[in-house]
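Enquirer: Structure of the sequence below:
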Amino acid sequence: MRVPFSQRLPVRLAALILLLGFVLVPLISEFERRAAERIVLQQAELQAATATIAVVKGLQDTMRAVESSVRLVAQDLEDRRLTTAEADRLIQNVMASSPALSEFGLTFERGALDGQTERFGHHLYRTGSHLTLRDLAAPDYQYWTHDWYTDALARGSAMWTEPAQETGGSNARLVRVTAPFYQTRDGRRMVAGVVTAGLTLDWVRQLMLENEFFDSGYVIVYSRSGRIITHPDPKVVLAETIESLAQKTGDPELGRIFQRTSSNRQGSVSYFSHSLGQRVHENYKPVQVGGWGVIVGYEEKEFLRQVTAFRWITLASLGATLVVLLVIVLWSARVALRPLGRLTEVAQEISRGNLDSPPVVPERADEVGLLARTFAVMQAALKRNRELEQAVQRHAEELAATNTRLKSEVLERRWSNQALEHQLRYDQLIINSFTEPVIVCTKALNISRVNSAAVRLSGKAATDLINSPLADLLEPEAAEGATPERPLAALVTALKEGRDVHAMRALLRPRSGAPVRVRVTLLPIRDQDRVVGGVSILHLEADASRGA
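Expert: Residues are numbered from 1 along each chain as shown. Below is the predicted model:
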């Protein structure tokens, strides 16, 4: 009988390989893609974190250096009376020694300079390689009306102003650090003026350019209030805050980043940016000087381009491998499984019970030849099976006879157990016939039986006494050889030696009431020549004395 084409083994093997290929190839490709993406994104996140730390460190170093210079000048001006020439000379010396500063100036309160000058406020601006002096007390400016001056006086310590567009001086985007200085007048310590140093935002932008590590990477720096100092889009610089930009772009994550950095927290976040139309990853970190914050971000798609290309290459290579494997399987199965037709015929004869059909002669020494030899062994085994069936039948008869004998033994054992139960019941009746308390113990002095008199005297239930130690009920008055672990050592020793104990004084501890004085008589119980327990008879002290 010929096997249908669809049920032939080579065809089914090829179909199975195709099915597994269509399932496994996408799974393998997806697994490799996810693994590669995870590795690439981890590397990118590490680079972004490193860039964030570098930007924050650059900002902190520059701002600390400028703030330290301002504080030193403010300390140097404590309780000093300067002339206008000395003040201008001090301003010029600071600008000459600090090329990073874009402006530096001194502003004094009314009459705080030399007692003759009403108001004095000079700032020196750096424009390229030139220095320009501006009088801030002129009618067109009047420094005492500006926030950077009044806020410094009100705060009383060094502070960084919000970045803003300077007008009338350097006409540049500036951020200032101010610090008040004091003088003692008429015994009172009063604010004498403000030291001011300014930086253009160009150095911040340069620091941002130095740490943009990807083509799609960007650095955002914002002030304490959230005003944007640097941004990839120059239109939003100084015109927007982080929170207003989050509302306009529909990216609430920016607002949450600002809240976290305001709370002096750092971290990273990955989200879909509506403004960029891409999924971005952003590391954020607060600047410890000035209350600024830094965000370093990049588009994740930029790093996944190579991963996507690698995925298509992997799919193509796996598909080609699958086709080659399919051809190999079809050819190998057709050549290697051809002798299986003869083996199928022999198997059908064996299934009909024809064990005398000629066995298949192995033609090869491979798995097919091994299968042919196995068929011959199987045929011989089937012949032996008939003999085994007869042997099994005889064995079953022997088992039936054995079963009958075992049933008889079980019945005899049951009668023996019933006789033992009757004997125990008679023993209990004998014990209960005693008017004095009687306790039967094991060799280890654990209570096994009690009579009703012992139950009444102890005040406990019989179930509470059974299997409990005798030492929980009795305590010898003269505890010879007794220990905390073995209070009735004398009785234990007597049982081991097979001796009787008469009139041993002891205290019986009932459940309630005072202890009762008793005299204990212990008689060993023997099973042939072996002591297996003992019978304790308790004589109340009063009864014992009357008997005496």
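Enquirer: What segments of the protein are helices?
Expert: 9-76, 84-97, 147-155, 202-210, 242-249, 252-262, 300-336, 340-351, 367-432, 452-458, 462-465, 489-497, 541-547 (DSSP state H).
Enquirer: Which one of the ones you listed has the poorest average confidence?
Expert: Mean pLDDT across the helices of the chain is lowest at helix 541-547; the value there is a mean of 52.
Enquirer: So for the closest residue to residue 459 other than its chain neighbours, what pLDDT did the model give?
Expert: Nearest residue to residue 459 in three dimensions, chain neighbours excluded: residue 511, at 3.6 Å (Cβ to Cβ, 6 or more residues apart in numbering). Every residue, glycine included, has its C-beta placed from N, CA and C. pLDDT recorded at residue 511 is 79.
Enquirer: Isn't residue 511 up against residue 457?
Expert: No. Counting by Cβ atoms under 8 Å, residue 457 is not a contact partner of residue 511; they are 10.3 Å apart.
Enquirer: More neighbours: these two, which one.
Expert: Neighbours were counted for residue 511 and for residue 457 using other Cβ atoms under 10 Å; residue 457 has more, 19 against 9.
Enquirer: list the contacts for the closest residue to that one other than its chain neighbours?
Expert: In space, and not counting its chain neighbours, residue 457 is closest to residue 437: 5.0 Å by Cβ to Cβ, 6+ apart. By Cβ atoms under 8 Å, 6 or more residues apart in numbering, the contact set of residue 437 is 450-451, 453-454, 457-458, 518, 537-538.
Enquirer: With residue 522 instead?
Expert: Per Cβ under 8 Å, 6+ apart, neighbours of residue 522: 491, 494-495, 500-501, 504, 534-536.
Enquirer: likewise residue 193?
Expert: 77, 106-109, 112-113, 180-181.
Enquirer: Report the buried members of the contacts of residue 522.
Expert: Neighbour-count burial (16 or more other Cβ atoms under 10 Å) applied to the contacts of residue 522 gives 491, 494-495, 501, 504, 534-536.
Enquirer: tell me the domain ranges of the protein?
Expert: Domain assignment for the chain by automatic domain parsing gives 1-320, 339-429, 434-547.
Enquirer: Mind putting these into TSV with distance to residue 328?
Expert: Putting the domains of the chain into TSV (distance: least, Cβ to Cβ, whole Å) gives the following:
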stretch	distance to residue 328
domain 1-320	10
domain 339-429	17
domain 434-547	77
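Enquirer: To residue 327, which of those domains lies closest?
Expert: domain 1-320 (9.2 Å; Cβ to Cβ).
Enquirer: Please state the offset of that closest one from the chain centre?
Expert: In terms of Cα atoms, centre = their mean, to the nearest Å, the centre of domain 1-320 is set 34 Å apart from its chain centre.
Enquirer: what bits of the stretch 151-300 of the chain have low per-residue confidence?
Expert: Scanning the stretch 151-300 of the chain for pLDDT under 70 picks out the ranges 167-171, 212-215.
Enquirer: Test my guess that residue 245 contacts residue 228.
Expert: Yes. Residue 245 lies in contact with residue 228 (Cβ under 8 Å); the separation is 6.8 Å.
Enquirer: what touches both of these two?
Expert: Residues touching both residue 245 and residue 228 (Cβ under 8 Å, 6+ apart) are residue 236.
Enquirer: count of residues packed around residue 377?
Expert: 10.
Enquirer: Kindly report the same for residue 239.
Expert: Neighbour count for residue 239, taken as other Cβ under 10 Å: 13.
Enquirer: what's the neighbour count on residue 16?
Expert: Neighbour tally, residue 16, other Cβ under 10 Å: 11.
Enquirer: I meant residue 147, not that one.
Expert: 11.
Enquirer: What spatial separation is found between it and residue 99?
Expert: 28 Å (Cβ to Cβ, to the nearest Å).
Enquirer: Contacts only, for residue 229.
Expert: Applying Cβ under 8 Å, 6+ apart, the residues near residue 229 are 163, 175, 201, 204, 221-223, 237-238, 292.
Enquirer: Swap in 6 Å and give it another go.
Expert: The contact partners of residue 229, by Cβ atoms under 6 Å, 6 or more residues apart in numbering, come to 163, 201, 204, 221-222.
Enquirer: And it, how far from residue 96?
Expert: Counting by Cβ to Cβ, the gap from residue 229 to residue 96 is 27 Å.
Enquirer: repeat for residue 331
Expert: 89 Å.
Enquirer: same thing with residue 514?
Expert: Between residue 514 and residue 96 the distance is 108 Å, computed by Cβ to Cβ.
Enquirer: When the two are compared, which one has more neighbours?
Expert: Comparing residue 514 with residue 96 by other Cβ under 10 Å, the one with more neighbours is residue 96, at 12 against 8.
Enquirer: about what we covered before: relative to residue 259, which of the buried ones among the contacts of residue 522 is nearest.
Expert: Nearest to residue 259 out of these is residue 491 (Cβ to Cβ; 82.2 Å).
Enquirer: Quick check: nearest residue in space to that closest one, chain neighbours excluded?
Expert: Nearest one to residue 491, counting by Cβ to Cβ, 6+ apart, is residue 522 at 5.7 Å.
Enquirer: Report the beta-bridge partners for the one you found.
Expert: Per DSSP bridges, the residues bridged to residue 522 are residue 501, residue 536.
Enquirer: Let me see the contact set for residue 433.
Expert: Contacts of residue 433 (Cβ under 6 Å, 6+ apart): none.
Enquirer: Correction: the previous question concerned residue 204.
Expert: 221, 229-230.
Enquirer: of those, closest to residue 185?
Expert: Of the contacts of residue 204, the one sitting nearest to residue 185 (Cβ to Cβ) turns out to be residue 229, at 39.1 Å.
Enquirer: Look at the closest residue to that closest one other than its chain neighbours and say how many residues are nearby.
Expert: Take residue 229 and drop its neighbours on the chain: the residue closest to it by Cβ to Cβ, 6+ apart is residue 221, 4.4 Å away. Neighbours of residue 221 under the rule other Cβ under 10 Å: 25.
Enquirer: Correct me if wrong: residue 221 contacts residue 230.
Expert: Yes. Look at residue 221 against residue 230 with Cβ atoms under 6 Å: they come within range, at 4.5 Å.
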